[in-house]
Structures are given as structure tokens and as C-alpha cells.
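J.: Build me a model from this:
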Amino acid sequence: MTFTELPIYIIDAFTDTLFKGNQAAVVPLEHWLPESMMQSIASENNLSETAFFVKNAEGVFEIRWFSPLKEIDFCGHATLASAYVIFNHLGHPFCITFWAKAVGKIEVNALENGLIEMCFPNREPERVDDVPEALQNGLSIQPLEFYKNQQAYFAVYDDENDVAKVVPDLEKLKTLAPLDVVVTAPRKTYDFASRYFWPANGGVEDPVTGSIHAGLAPFWAKRLGKSELVALQASKRTGVLYCRVTQERVFVSATCVPYLQGSVTLNA
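T.: Coordinates of the predicted model:
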């Protein structure tokens, strides 16, 4: 029997401290593996996401993200982790472009201050007046209002302590699939805080969710009257995101810490 080895990196994203932020596995490829194999690798890794990417003839990195359960349309922290690997391990210049089917192009730059900046589409949520019963009853603390974008329902509170204390009913929230649920409120030491629940798509609570800030940042930019914001994802691991909002784009910047470098061994 012969074997083939693929490089793999595990990166703590949206943090400057090891064992904080959100872990992502990154597997650079020369060509795509069968989808079932990529899903098996992601399930074996059992992290929020595993990112796979292939550099095409135009120099663009086509990227796909898999949770332990399924392929995901859009993942910010695994994109950030992939950019970190490309910049620091693959010898690429400090400006790259990813492409994903559901998102389009994602421009990423390594900034002089050490942050990595990702450019996302602006996914500002819209207010929801006809709230699903599962959402109404799926959070232990009733929010002030609900919003929704392509990715999730937004439950908005006026007190950051409610975000910290709210307990999700995961079985109820699971019925909202394919949408997840983010809870959010303004915060004194940051501009806003959030927590993200995704029982239908990958797990219980995501440590740090870069993609949802394509919706959170424009929502709070309008409400707070400012275009540059600092966000805290108030999970157990926590993560900090620096956001800048324009009419059509949302720029999300953060740091990463490498945790592990190795190889995946597959039957050839």
C-alpha cells in the first residue's frame, strides 16, 4: 500500500494569544480532492472549520470550508488562517485574492501593523417582524428586536450582560436551518459584543465568527454612527476583530497565532 501526505496547519485566528480565538485547520492543495475526502478530513479534525484551497492559473486561491458536519458557504476565521499560512509558510507576496462560490472574491492584505485585513461583501441584516416561533422561544433571554441576513438571525440586546448570560435552546435553533443565530449588544470596552450559535451547521457555539461580522459591523456602524469599530466575540475562548465599513464592503482585520504544523497521511 502506498500513501500520500498533505501539509496541514492549525492556526488560532482572531487572537494574539495561543489557545484563544478560533482554531482552523488549513490544508493547501495542488488540486482538489474528492468532496467526500475533504469532508472526512474535516470531520477527523473536528474543528469549527477546515479550509482547503487551490491556486488557479490566474493566481487566485479558490477556497472551500468544511465543518465537521458539512461544507460551509462562508467562513471568516478559516480564511484568515489560510491567509496567515500563505503569507508565512508558502512565500507568497502580502496581497492575495481568494474566491468562493457563495461569496465571490475576497481580497486579503497583510498590513504593516501586523494585522491581516480581509475584504468581505457588506451583508447588513434587515429587520424581521414575522419572527419564527423557534427563534422567539430558542433564547433564554428575550431580545429587543430581530434581524436577518443570508447567514443568520440577529438577536439584538441593549445590555452586554444579556449576551453573556443567554442560554440557547439548541434543538429549537436547529430547526431554523440553514440559518444560524447570533446574539449581540453594545459593549463598554468595545463597540459591540456577540456570540454565535450554529447547531444546524457545525456545533454548539462558535468561538469566533469572522463571516458574521460582515453583517454585525454594518449594523452597529449605522446604530453607533461610526465606520470603524472594534468587536469582541464573547465566547469562552474570545476573539477581537477590527472592522471598517463602507457602503458595499466590510473590512475585518485581526491577528493569528500558529499552533501546529504537520501532515495528513492518506491512502494513495
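J.: Now the terminal residues of stretch 109-117, how far apart.
T.: Stretch 109-117 has an end-to-end distance of 5 Å (Cα to Cα, to the nearest Å).
J.: Not counting that stretch itself, show me its contacts.
T.: Among residues not part of stretch 109-117, those counted as contacts by Cβ atoms under 8 Å, 6 or more residues apart in numbering are 80, 83-84, 87, 94-95, 108, 242, 251-256. From N, CA and C alone the C-beta is placed, and that goes for glycine too.
J.: Check these against residue 52 and report the nearest one.
T.: Lowest distance from residue 52 to these (Cβ to Cβ) belongs to residue 83, with 14.1 Å.
J.: Out of the contacts of stretch 109-117, which is nearest to residue 180?
T.: Ranked by distance to residue 180 (Cβ to Cβ), the contacts of stretch 109-117 are led by residue 252 at 17.5 Å.
J.: Neighbours of residue 204, how many?
T.: Burial of residue 204, expressed as a neighbour count using other Cβ atoms under 10 Å, amounts to 10.
J.: for it, what are its contacts?
T.: By Cβ under 8 Å, 6+ apart, the contact list for residue 204 reads 168, 170, 197-198.
J.: In helices, which of the residues you listed fall?
T.: Secondary structure assignment by DSSP state H places residue 170 of those in helices.
J.: And the contacts of residue 204, which is closest to residue 45?
T.: Scanning the contacts of residue 204 for proximity to residue 45, where the rule is Cβ to Cβ, the winner is residue 198, at 16.7 Å.
J.: For residue 206, see how far away that closest one is.
T.: In this structure, residue 198 and residue 206 are separated by 6 Å, where distance is defined by Cβ to Cβ, to the nearest Å.
J.: And residue 95, by the same measure?
T.: As judged by Cβ to Cβ, residue 95 and residue 206 stand 28 Å apart.
J.: Mind checking which of those two has more residues around it?
T.: The residue with more neighbours, out of residue 95 and residue 206, is residue 206; 27 against 10, by other Cβ under 10 Å.
J.: Once you drop chain neighbours, what's closest to the more buried one?
T.: Residue nearest to residue 206 in three dimensions, not counting chain neighbours: residue 196, with 4.4 Å by Cβ to Cβ, 6 or more residues apart in numbering.
J.: burial of that neighbour, as a residue count?
T.: As a measure of burial, residue 196 has 26 neighbours, counting by other Cβ under 10 Å.
J.: In contact with it, which residues?
T.: Residue 196 is in contact with 152, 180-182, 205-206, 209, 212, 233, 235, counting by Cβ under 8 Å, 6+ apart.
J.: Save those as JSON lines, and put in secondary structure too.
T.: Rendered in JSON lines, the data for the contacts of residue 196 read as follows (DSSP: H, G, I helix; E, B strand; the rest coil):
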{"residue": "152", "secondary structure": "strand"}
{"residue": "180", "secondary structure": "strand"}
{"residue": "181", "secondary structure": "strand"}
{"residue": "182", "secondary structure": "strand"}
{"residue": "205", "secondary structure": "strand"}
{"residue": "206", "secondary structure": "strand"}
{"residue": "209", "secondary structure": "coil"}
{"residue": "212", "secondary structure": "coil"}
{"residue": "233", "secondary structure": "strand"}
{"residue": "235", "secondary structure": "coil"}
